[in-house]
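**Student:** take this sequence and fold it.
(chains A and B)
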Number of protein chains: 2
Amino acid sequence: MTAQNTQVLLARRPQGVPVPDDFEIVESAIPEPAAGQFLARTIYLSLDPYMRGRMNAERSYAEPVPIGGVMEGGTVSRVETSNHPDYPPGSYVVGRTGWQEYALSDGTGVRRINPEDAPLSTALGVLGMPGMTAYTGLLNIGQPKAGETLVVAAASGAVGSAVGQIGKIKGCRVIGIAGGSEKCRYVTEELGFDACLDHRDPDFEAELAAACPDGIDIYFENVAGHVLRAVIPHFNFFARMPVCGLIAQYNMTEPEEGVDHLPSLMRAILTYRLTLRGFIVRDFADQHGDFMRDVGQWIRDGKIKYREHRIAGLENAPASLIGMLRGDNFGKMVVEVSPDPTAA
Amino acid sequence: MTAQNTQVLLARRPQGVPVPDDFEIVESAIPEPAAGQFLARTIYLSLDPYMRGRMNAERSYAEPVPIGGVMEGGTVSRVETSNHPDYPPGSYVVGRTGWQEYALSDGTGVRRINPEDAPLSTALGVLGMPGMTAYTGLLNIGQPKAGETLVVAAASGAVGSAVGQIGKIKGCRVIGIAGGSEKCRYVTEELGFDACLDHRDPDFEAELAAACPDGIDIYFENVAGHVLRAVIPHFNFFARMPVCGLIAQYNMTEPEEGVDHLPSLMRAILTYRLTLRGFIVRDFADQHGDFMRDVGQWIRDGKIKYREHRIAGLENAPASLIGMLRGDNFGKMVVEVSPDPTAA
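**Tutor:** Numbers count the residues shown, from 1 in each chain, chains lettered A, B, ... in the order given. Down below sits the predicted model:
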């Protein structure tokens, strides 16, 4: 076998905004599965904002990727050769085998998927981690009630687009926030949000106030930065804020000088008796069955739509992650690592 | 009747730190109770940090005191004359009749108290609003578990002292934070906290880190400011922060220039999946019976102690509130408005 395994390694820890040299692309021999293992060939690699955090050395909810280690990531793969009875050759799996074309697995953290249920790549998006993040964070922490106002940051992204559509299903008035008029048009015209505001607009703060005449009951936080600051004055009593992501500050290396905005958030928390809660998807792992049942049904009913931003070739993953962190993507970022035999 | 009713009015809205001229002391005729009303004579007036917020014009969880209105406040009073069958003359009530010697009431928001159960003034402290704030905020939001580390701001105050002692009853390791060595000594030696740190100490941040070698599971927030900033780096996964008060920022008029500390709090919320929740005591009004039963028992068992800071004379209330906002008080602030017939 002359084929090689292409891998993307973390070459060094980024200082602020990552650059291509923070990654290294290497070729290595394709490994052989031992007893109880199988060899998976990556078809799709998911790119997600949390990956920026894994590149740092700091203590977090997950271990950092070591220098020289394969970048972490969710994947959909095809089992090529197998010494594991549950994963026969030709079966498809979703797992966390990282930024590489081939990987060994003993089945830990892996789940088989049926390509007849839905396109394979949805297991990385609306029917995968981002979709379940949206579903569990909104329902458990946001606790949407009919007639409430839900504001969703990063509304055209993999998580935000699902949050807003689930909010509509639950009867909320849903206001999206996105970067640029094209994304905003998609969010209202395709996804059916009641409004979407461009946070790059100079009048963004005034537009947000105008779009939320009854205040904000739920703010689904994916972003932080100036979007959060614009939201703070509009909370209603007992509003909830699921804290899912903070993409605007992931590349920050130094505390920002200027005005200290912490007191205004604390004042809002006390005065309006807000609940803020950070979470990651695995905090609600026991709700996976509910998620698959509900969101699967909503997709079949046409109530939830999704959009993918496809990138061809694993070698383009580093530049695509860098671009995602400044908002260049439009939809769920999926890297096409090898051909999808099930694609139409 | 030549006696007059002494009242303290809000003369104008303070700019930042309140000054004596923001208040006006007036004499007026003692009112006569109409049908269904009674006349109450104030024995004790409670002074509490939340009063600073009522002096501002901003929308909050309660209406501001109007200019020229009687300052709001909790009181213990004796019924003097009565046209209300439930409140006969000579009975004692706790209510919110404000900064005045005499007040009419139709019984709304008033509760009778039995002076044989406990000293009357405790109905404003450990068995009143501050005690119930401590009890409900810690148990509902803090959710203390044996072996966890609880950090309590304003630990010698009316709320903080009860929070820490309830935390000890629940099996927590309890670290207090207070202003000055005398308060800290009281918190450890009298109240039985495991440690107490002086936030005015130049080494406060290092002392806090040393006192919390296993991190912080619950931070009961009464203060904000530099105390909150020192706490943020030490949260454990799934830590909880009941947000009860923000005394360090109540006199702020302008956003502070300098470093923006909002991103570091948001990062902690996401990374450690914190829950922050603001509350006021009436959010848990249905737990009043549980509170009276439990805390009453704990006081009788000697497990909860309390300390009052007594001020003689209603005319001294403005200066005492101003002093409380800079931490001059040591214990629950109680103004002696008229003689307590039940006092030993």
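
**Student:** show me where the stretch 101-250 of chain A has helices.
**Tutor:** Assigned by DSSP state H, counting those that start in this stretch, the helices in the stretch 101-250 of chain A fall at A:129-136, A:158-169, A:181-185, A:204-211, A:225-231.

**Student:** can you put the ones you listed in JSON lines and add mean neighbour count?
**Tutor:** Every C-beta, even on glycine, is put in place using the N, C-alpha and C of the backbone. Formatted as JSON lines, the helices of the stretch 101-250 of chain A follow (neighbours: other C-beta atoms under 10 Å in any protein chain shown):
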{"stretch": "helix A:129-136", "mean neighbour count": "26"}
{"stretch": "helix A:158-169", "mean neighbour count": "27"}
{"stretch": "helix A:181-185", "mean neighbour count": "17"}
{"stretch": "helix A:204-211", "mean neighbour count": "16"}
{"stretch": "helix A:225-231", "mean neighbour count": "20"}
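
**Student:** B:Ile166 is nearest to which of those?
**Tutor:** For B:Ile166, the closest of the helices of the stretch 101-250 of chain A is helix A:129-136, at 32.1 Å, according to C-beta to C-beta.

**Student:** so what touches the closest one?
**Tutor:** A:46, A:48, A:74, A:124-125, A:157-163, A:166, A:244, A:279-281, A:283-284, A:287-288, A:290-291, A:294-295, A:306, A:332 (C-beta atoms under 8 Å, 6 or more residues apart in numbering or on different chains).

**Student:** still on that earlier bit, now the helices of the stretch 101-250 of chain A in JSON lines, with mean pLDDT and distance to B:Glu63?
**Tutor:** Formatted as JSON lines, the helices of the stretch 101-250 of chain A follow (pLDDT from 0 to 100; distance: least, C-beta to C-beta, whole Å):
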{"stretch": "helix A:129-136", "mean pLDDT": "97", "distance to B:Glu63": "38"}
{"stretch": "helix A:158-169", "mean pLDDT": "97", "distance to B:Glu63": "32"}
{"stretch": "helix A:181-185", "mean pLDDT": "97", "distance to B:Glu63": "38"}
{"stretch": "helix A:204-211", "mean pLDDT": "97", "distance to B:Glu63": "23"}
{"stretch": "helix A:225-231", "mean pLDDT": "96", "distance to B:Glu63": "25"}
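
**Student:** to A:Ser320, which of those lies closest?
**Tutor:** helix A:158-169 (13.6 Å).

**Student:** and the closest one, what does it pack against?
**Tutor:** helix A:129-136, strand A:149-152, strand A:173-178, strand A:216-220, helix A:288-300 (3 or more C-beta pairs under 8 Å, 6 or more residues apart in numbering or on different chains; DSSP states H and E).

**Student:** OK, contacts around A:Arg193?
**Tutor:** Residue A:193: Phe, not Arg. The contact partners of A:Phe193, by C-beta under 8 Å, 6+ apart, come to A:152, A:155, A:164, A:168, A:174-176, A:187.

**Student:** the strands in the stretch 51-200 of chain A, which residues?
**Tutor:** With DSSP state E, counting those that start in this stretch as the criterion, the stretch 51-200 of chain A has strands at A:75-82, A:92-95, A:102-105, A:111-113, A:149-152, A:173-178, A:195-198.

**Student:** pick the most deeply packed of those strands.
**Tutor:** Comparing those by mean neighbour count (mean count of other C-beta atoms under 10 Å in any protein chain shown), strand A:149-152 ranks first with a mean of 30.

**Student:** now do the buried residues in stretch A:273-287.
**Tutor:** With burial defined by 16 or more other C-beta atoms under 10 Å in any protein chain shown, the residues of stretch A:273-287 counted as buried are A:273-281, A:283-284, A:287.

**Student:** which one of the residues in the stretch 1-150 of chain A is closest to chain B?
**Tutor:** Proximity of the stretch 1-150 of chain A to chain B (C-beta to the nearest C-beta) peaks at A:Ser60, 5.0 Å away.

**Student:** show me what contacts A:Gly192?
**Tutor:** By C-beta under 8 Å, 6+ apart, the neighbours of A:Gly192 are A:165, A:168.

**Student:** and A:Cys219, how far is that from A:Leu262?
**Tutor:** Quick fix: residue A:219 reads Tyr, not Cys. 17 Å (C-beta to C-beta, to the nearest Å).

**Student:** which of the two has more neighbours?
**Tutor:** Applying other C-beta atoms under 10 Å in any protein chain shown to A:Tyr219 and A:Leu262 shows that A:Tyr219 carries more neighbours, namely 28 against 24.

**Student:** quick check: pLDDT value at that one.
**Tutor:** Listed pLDDT for A:Tyr219 reads 98.

**Student:** that one bridge partners, please.
**Tutor:** A:Val151 (DSSP bridges).

**Student:** unless I'm mixing things up, it is touching A:Met241, no?
**Tutor:** Yes: here A:Tyr219 reaches A:Met241: they are 4.9 Å apart, a contact under C-beta atoms under 8 Å.

**Student:** need the nearest residue in space to the residue of the stretch 1-150 of chain A closest to chain B, chain neighbours excluded.
**Tutor:** Once flanking residues are discounted, A:Ser60 sits nearest to B:Thr271: 5.0 Å by C-beta to C-beta, 6 or more residues apart in numbering or on different chains.

**Student:** what's the nearest residue to A:Val243 once chain neighbours are set aside in contact with, if anything?
**Tutor:** The shortest distance from A:Val243 to any non-neighbouring residue, by C-beta to C-beta, 6+ apart, is to A:Gly278 (4.2 Å). By C-beta under 8 Å, 6+ apart, A:Gly278 lies in contact with A:243-244, B:268-275.

**Student:** and the stretch 151-300 of chain A, which residues reach chain B?
**Tutor:** For the stretch 151-300 of chain A, the contact set with chain B under C-beta under 8 Å from any C-beta of the partner chain comprises A:221, A:224, A:228-229, A:237, A:243-246, A:249, A:252, A:255-280, A:283.

**Student:** among those, which are in strands?
**Tutor:** Mapping these onto strands (DSSP state E) picks out A:237, A:243, A:257-259, A:275-278.

**Student:** so which of the buried residues of stretch A:273-287 comes closest to B:Arg13?
**Tutor:** Using C-beta to C-beta, A:Arg273 comes nearest to B:Arg13 of the buried residues of stretch A:273-287, at 23.7 Å.

**Student:** list the contacts for that closest one?
**Tutor:** By C-beta under 8 Å, 6+ apart, A:Arg273 lies in contact with A:237-238, B:61, B:277-280, B:283.

**Student:** same check on A:Phe38?
**Tutor:** Taking C-beta under 8 Å, 6+ apart as the test, what A:Phe38 contacts is A:79-84, A:87, A:89, A:104-105, A:107.

**Student:** any idea of the pLDDT on it?
**Tutor:** For A:Phe38, the pLDDT comes out at 98.

**Student:** circling back: would you reformat the contacts of A:Phe193 as TSV and include distance to B:Glu116?
**Tutor:** TSV is the format used below for those (distance: C-beta to C-beta, whole Å):
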residue	distance to B:Glu116
A:Val152	57
A:Ala155	62
A:Gly164	60
A:Lys168	59
A:Val174	58
A:Ile175	57
A:Gly176	61
A:Val187	65
